[in-house]
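Trainee: Provided below for reference: sequence and predicted model.
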Amino acid sequence: GAVVSQHPSRVICKSGTSVKIECRSLDFQATTMFWYRQFPKQSLMLMATSNEGSKATYEQGVEKDKFLINHASLTLSTLTVTSAHPEDSSFYICSARDRWGDSQFFGPGTRLTVL
Amino acid sequence: QKEVEQDPGPLSVPEGAIVSLNCTYSNSAFQYFMWYRQYSRKGPELLMYTYSSGNKEDGRFTAQVDKSSKYISLFIRDSQPSDSATYLCAMSAYGGATNKLIFGTGTLLAVQP
């Protein structure tokens, strides 16, 4: 149980394009999903908290207009990196928790490379 | 000062050794403590979850929390090469719907066969 998937696992795009990453909870309903970014040899940095049916809450320093988050259903949240630039290249990981649990379950991550 | 401090390692041990991984923290409000294992280029996998102080054991893994010292540990007995990964501690003050986890930087562990 508690399986979270992400798609795509890897994406390479040109500078200026937009990239959408999907995060799905496969066997439970995720009332809350979290989006993290991880640079090489660094820890996970929380970008935003996404609650189903409401606007995401962004961490300080994260541009909400650049990182668009949609949590339209209890099993799906999407992160869209708009007008991506090389400095946005990173490992993006989502996590999800159901309404009863206290711990988070992570997806396998998406490696974004912007050329 | 970071809220959560963790030695990044790398830590190299021979197969069969007992491994001790640690984190310290500064926020006395933290009550929920987790250890995650992350293999290279993969998402973190929850290993242990504890609430408040005390010990918790699961197979070869033991988690300890000492809130008075603001110190948590993860012990791995009979370490195996497959345990080679980055171990992240994480903690939060709340267990509710929007519990935000604060992560340590992770300790890279290498178990040599």
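Mentor: Here it is on my side, so go on.

Trainee: Every contact and neighbour count from this point should use C-alpha atoms.
Mentor: OK.

Trainee: Quick check: pLDDT value at A:Cys94.
Mentor: Looking at A:Cys94, its pLDDT reads 96.

Trainee: Using CSV, write down the CA coordinates of the helix or strand in which it is found.
Mentor: Secondary structure from DSSP states H and E places A:Cys94 in strand A:90-97. What follows is strand A:90-97 as a C-alpha-only set of coordinates in CSV (Å, rounded to 0.1, in the frame of the first residue of the first chain):
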residue,chain,number,x,y,z
SER,A,90,16.8,19.6,-10.7
PHE,A,91,15.2,16.4,-9.2
TYR,A,92,11.5,17.1,-8.4
ILE,A,93,9.8,14.8,-6.0
CYS,A,94,6.3,14.7,-4.8
SER,A,95,4.9,13.1,-1.7
ALA,A,96,1.4,12.4,-0.5
ARG,A,97,-0.4,11.6,2.7
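
Trainee: quick check, that strand touching chain B?
Mentor: Yes - applying Cα under 8 Å from any Cα of the partner chain, one finds strand A:90-97 touching chain B at A:Ile93.

Trainee: And the next helix or strand past that strand?
Mentor: Using DSSP H and E, the helix or strand that follows strand A:90-97 towards the C-terminus is strand A:105-106.

Trainee: How about that following strand and chain B, touching?
Mentor: Yes - counting by Cα under 8 Å from any Cα, chain B is contacted by strand A:105-106 at A:105-106.

Trainee: I'd like the mean pLDDT over whatever helix or strand comes next after that strand, please.
Mentor: Next in sequence after strand A:105-106, counting helices and strands by DSSP H and E, comes strand A:110-114. Mean per-residue pLDDT for strand A:110-114: 96.

Trainee: which other helices and strands contact strand A:110-114?
Mentor: strand A:10-13, strand A:90-97 (3 or more Cα pairs under 8 Å, 6 or more residues apart in numbering or on different chains; DSSP states H and E).

Trainee: Buried ones in stretch B:69-86, by neighbour count?
Mentor: Buried residues in stretch B:69-86, counted by 16 or more other Cα atoms under 10 Å in any protein chain shown: B:70-77, B:79-80, B:83-86.

Trainee: Mind picking the two most distant members of those residues?
Mentor: Greatest spacing in the buried residues of stretch B:69-86, by Cα to Cα: B:Lys70 and B:Gln80 (28.8 Å).
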